[in-house]
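Colleague: got a predicted structure here, sequence first:
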6 protein chains.
Amino acid sequence: MGKLTAMLTVFHPDELAYTGHQLRSHWIYETFGLQGDAIVAFCGPCRVELTEMVDREDVLAGEQIHAAEMLHLIAEHFDRDLTRAVLRQRLLICTIAERLSLSPQVPAPRREGDDLFIGERKLTVSIATASPVSTLIHVGINVDAAGAPVRACGLGEWDVDVDALAGDLLAAYAAEIEDIHLATCKVRGVQ
Amino acid sequence: MGKLTAMLTVFHPDELAYTGHQLRSHWIYETFGLQGDAIVAFCGPCRVELTEMVDREDVLAGEQIHAAEMLHLIAEHFDRDLTRAVLRQRLLICTIAERLSLSPQVPAPRREGDDLFIGERKLTVSIATASPVSTLIHVGINVDAAGAPVRACGLGEWDVDVDALAGDLLAAYAAEIEDIHLATCKVRGVQ
Amino acid sequence: MGKLTAMLTVFHPDELAYTGHQLRSHWIYETFGLQGDAIVAFCGPCRVELTEMVDREDVLAGEQIHAAEMLHLIAEHFDRDLTRAVLRQRLLICTIAERLSLSPQVPAPRREGDDLFIGERKLTVSIATASPVSTLIHVGINVDAAGAPVRACGLGEWDVDVDALAGDLLAAYAAEIEDIHLATCKVRGVQ
Amino acid sequence: MGKLTAMLTVFHPDELAYTGHQLRSHWIYETFGLQGDAIVAFCGPCRVELTEMVDREDVLAGEQIHAAEMLHLIAEHFDRDLTRAVLRQRLLICTIAERLSLSPQVPAPRREGDDLFIGERKLTVSIATASPVSTLIHVGINVDAAGAPVRACGLGEWDVDVDALAGDLLAAYAAEIEDIHLATCKVRGVQ
Amino acid sequence: MGKLTAMLTVFHPDELAYTGHQLRSHWIYETFGLQGDAIVAFCGPCRVELTEMVDREDVLAGEQIHAAEMLHLIAEHFDRDLTRAVLRQRLLICTIAERLSLSPQVPAPRREGDDLFIGERKLTVSIATASPVSTLIHVGINVDAAGAPVRACGLGEWDVDVDALAGDLLAAYAAEIEDIHLATCKVRGVQ
Amino acid sequence: MGKLTAMLTVFHPDELAYTGHQLRSHWIYETFGLQGDAIVAFCGPCRVELTEMVDREDVLAGEQIHAAEMLHLIAEHFDRDLTRAVLRQRLLICTIAERLSLSPQVPAPRREGDDLFIGERKLTVSIATASPVSTLIHVGINVDAAGAPVRACGLGEWDVDVDALAGDLLAAYAAEIEDIHLATCKVRGVQ
């Protein structure tokens, strides 16, 4: 299985539909063979039925999550701290905004919590939750927002190279998680 | 002491020098009377001697932290999880970048880990550490970078309203921390 | 959803049967719209079948939990620490005893662990457990103990104003939890 | 060192002044030879100078802690969870109230957080804090309140058998902690 | 239920087949009446179907776990720390090797992670996992390895007194866990 | 600083006296430049004065720790869990015994808790403790036991290649820690 590093990454080049079933422990391990903290990216439609949704707020609102094509990121961290998971999720959202702002043709996205907007249109969906042995993050970035239940936009409108973006995001997130770990190893305690 | 909310905030209008002594448990409580998780902002010079520095990397490098005038943010969270603290610190750095990018006269800052740069010049210093009862974050945003040991810039160059920025940052960070907490209270676990 | 406070409370005025199904994560959120740590009170019969029981000791003993009418308290805290949950449960039981001892017509209850007795008759049932994302407490205070599998008494015998008691208990528990949190924010560590 | 049980207890029959220096890790171990979670009781004056006080609230108020004679309880638990420590502290305070209410000659004490009052007079002082390897609780019950900085009363006014009370409290607290541990070992998780 | 000690032990003298169903919370409590951290030993065949297996690595490899006769050890610890569980599991494996090396007729076993080998043949299977309220360890030591899917050996080849070994292992593990706990209660923190 | 791996290792070839001052957070980082979980090995005398000792049991007994020459291992892990630290320490002790038993000229060592003996003579000293940001382990293996306060032996009696042993132990411990981490990433939870 090779050398353990802080964070394993894989870009899956084939189309894969995100249905919510992927948000479970060891899905990454069983699908891609990555053992340990990992983040994967792939493209495909998004069709999460209400019964698969983990966000009780959305369930109460009856809001399904649909889009014709998304860039999906799924991360798994083998601790059980949901607060850390939500913090990591938001940092990943910030990272996406940072990377998109490097593409001059894309209007600057605006972050509201764990959502990105371009103008008044929603660009992303995201959730962070806990399994019995890990925490999991899903972020879906619309490529073609057709079918979304709210006003939405997609990267396809601005001719973004989605595969290159995926690679950048995987590398940036893995480097950030590694760097965060190192930051906890270099400070003395204070009184 | 009033009602406990997720995160207390205070903007201290008087000049106060940051020397590193402020990075200790209950400094906020003893100085401003805020009991609980809190973030405070104030302006003043930055003069942290090597003996006060908690970043062993900087100490090894012999890098002192000096600047003529900074906007200082100090946050204290009463848990003991240093990983959460570093994650919160970076999210605070992202928030600063987001707020600055709303000021059309300021060039877009670039984040590298827990640092912000404008062009090649450093705008901020930051550290996150643990006390016996809490974790603590300091961020200093240069207003006048004179005296900095590296190439640095300051908000004074672009005529930023530092007091208004401070108020925005306090409100944004407190709202984000509250929102993160709520996000941990709305998801069901997965398998 | 309004401002986050340490502990949300709701008194539900309508009759509701407690069957054990209510002891799950987000039941409070989905039923009453309270997001975050919360405690709710309502009145109704208690009918917990063996298959719903979480106390393996009672299951082994084959002891069902039945009563014609109870004042039910259900609390949910979004951490995963079962020891804290049991400690909070017992403090809630103490609080019930303290409040009842303010009613001169009620004989002084006696606490044994997480049970209250008046004389030799049992007044309460209680359990604390963990969900994948939270801990949960149920306390049922007999109003009419008819159907209980052990010698039991109910508040109805002493003409207690159950609604007023419920309101007092919600307020007292919420205030205590808030105060406990503040107590963790005011002490320096020792050697 | 004998068999490890959940909670070791010792009643120290000799007079010992409580000065705050006792509130540190391993004081119980080094003084009484009890290794592990333990609670000890002894009688003596209470003279805690401001420099020894761990409650920043009291320090800010300049309130010293003095009494001519107290029954002191010091507990040490080898985990690092300050929330648990405060919860245990309050349960210990409840236990003291419960035990005192069994003595018909003592007026019923009233609990406010971690304080007991008889009428308007304060009967106890208490603190819970963390050491680098444990948490610590001190409760002082006035026997002779002379010298207290606030209106206070002492058990001596009502002819309480302080040694017997001490023994009862040690046994009750140890039994409760053991019972709480068992309660975490008998419940299945819920959804 | 008797006195709580650090670790309860039971040797079950009757044949019992291990199928993987035993690896769940409270199986020890419901089967043997031990409440709290406990380890049990019994002999019987081992037949774990793929659907019962918790090791995703083995499931991916399609490796079933079978043997005609094993000495089984099952331990349950009521914390939720999987890292501790794996550490304890490996220490238990070391303890088995240590005990076997006291039997002059048995060739010295060699440990590889959580496996023991004699020569090139596998002697044991083992897993550590988490339930919602505890962690669980299973170790199976082949007595008669017939049916194992890999090259394996069994204690029966060397005429080991399996019951005596079981008793030694239960006592040694319980003593070690108790001793480890004491070791956490005797050290001061360092800077 | 290079790539983060699970566990960094360094063998320091120069003589270095172990005085107890090395058992502090970031000593490895500041001395050898390894940032993150790490283990180092070096040879030198051992002279730990009572004031430097962290084991209160030894302090109470007045037992100093002295030896003319030891192979020292110091490990630092950046979590704060002392139970994990003691478990890792004992596994390291087991690993030392396993490695020594590969040298046919050395009599088989016997482990008692965190000590190794050869016959009735003590071969090692060891301690595990917590800093404000990490846990630390020291193991000293006598090479020349001269000066030890108890009956002791040293590897020098059996002509062990200490440098080779050091290298083996560093590699084995790092591999084991990595493997333990992977083991926590491959199991599904159970009920």
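Modeller: Arrived safely, thanks for sending.
Colleague: taking chain A, what residue is nearest to chain C?
Modeller: A:Arg56 (5.0 Å; C-beta to the nearest C-beta). (Each C-beta comes from the backbone N, C-alpha and C, glycine too.)
Colleague: and A:Arg110, bridged to which residues?
Modeller: Applying DSSP bridges to A:Arg110 gives these bridge partners: A:Phe117.
Colleague: next: A:His72.
Modeller: Under the criterion used (DSSP bridges), A:His72 bridges to A:Phe42, A:Gly140.
Colleague: how much space between it and A:Pro45?
Modeller: As judged by C-beta to C-beta, to the nearest Å, A:His72 and A:Pro45 stand 10 Å apart.
Colleague: so what sits against both of those two?
Modeller: In terms of C-beta atoms under 8 Å, 6 or more residues apart in numbering or on different chains, A:His72 and A:Pro45 are both contacted by the residues A:Tyr18.
Colleague: count of neighbours near the residue of chain A closest to chain C?
Modeller: A:Arg56 has 17 neighbouring residues, counting by other C-beta atoms under 10 Å in any protein chain shown.
Colleague: that one contacts C:Glu30, doesn't it?
Modeller: Yes: with contact defined as C-beta atoms under 8 Å, A:Arg56 counts as touching C:Glu30 (6.2 Å).
Colleague: let me see the contact set for A:Val54.
Modeller: Residues in contact with A:Val54 (C-beta under 8 Å, 6+ apart) are A:20, A:23, A:127, A:129, B:187-190.
Colleague: and the furthest pair within these?
Modeller: Across the contacts of A:Val54, the longest distance by C-beta to C-beta is 13.6 Å; it joins A:Gly20 and B:Gly189.
Colleague: those two: which is more packed in?
Modeller: Shown here are A:Gly20 and B:Gly189; by other C-beta under 10 Å, B:Gly189 has more neighbours (22 against 19).
Colleague: mind checking the SS state of that one?
Modeller: Using DSSP: H, G, I helix; E, B strand; the rest coil, the structure places B:Gly189 in coil.
Colleague: just give the nearest non-adjacent residue to it, would you?
Modeller: Leaving aside its sequence neighbours, B:Gly189 sits nearest to C:Pro132 (C-beta to C-beta, 6 or more residues apart in numbering or on different chains; 2.8 Å).
Colleague: roughly how far does the residue most central in space within chain A sit from A:Leu73?
Modeller: With distances taken as C-alpha atoms, centre = their mean, the residue of chain A nearest its centroid is A:Val139 (2.8 Å). A:Val139 sits 5 Å away from A:Leu73, taking C-beta to C-beta as the criterion.
Colleague: so what sits against both of these two?
Modeller: By C-beta under 8 Å, 6+ apart, A:Val139 and A:Leu73 have these common neighbours: A:Leu92.
Colleague: so where's chain A shaky on pLDDT?
Modeller: A:1-5 (pLDDT under 70).
Colleague: what residues does it put near chain E?
Modeller: Counting by C-beta under 8 Å from any C-beta of the partner chain, chain A comes close to chain E at A:26, A:29-30, A:35, A:80, A:132-133, A:188-189.
Colleague: repeat the analysis, applying 7 Å as the threshold.
Modeller: Neighbours of chain E within chain A, by C-beta under 7 Å from any C-beta of the partner chain: A:26, A:29-30, A:80, A:132-133.
Colleague: mind picking the two most distant members of those?
Modeller: With distances taken as C-beta to C-beta, the most widely separated pair in these is A:Glu30 and A:Arg80, at 19.8 Å.
Colleague: between these two, tell me which one has more neighbours.
Modeller: Legend: neighbour count by other C-beta under 10 Å for A:Glu30 and A:Arg80, higher for A:Arg80 (20 against 14).
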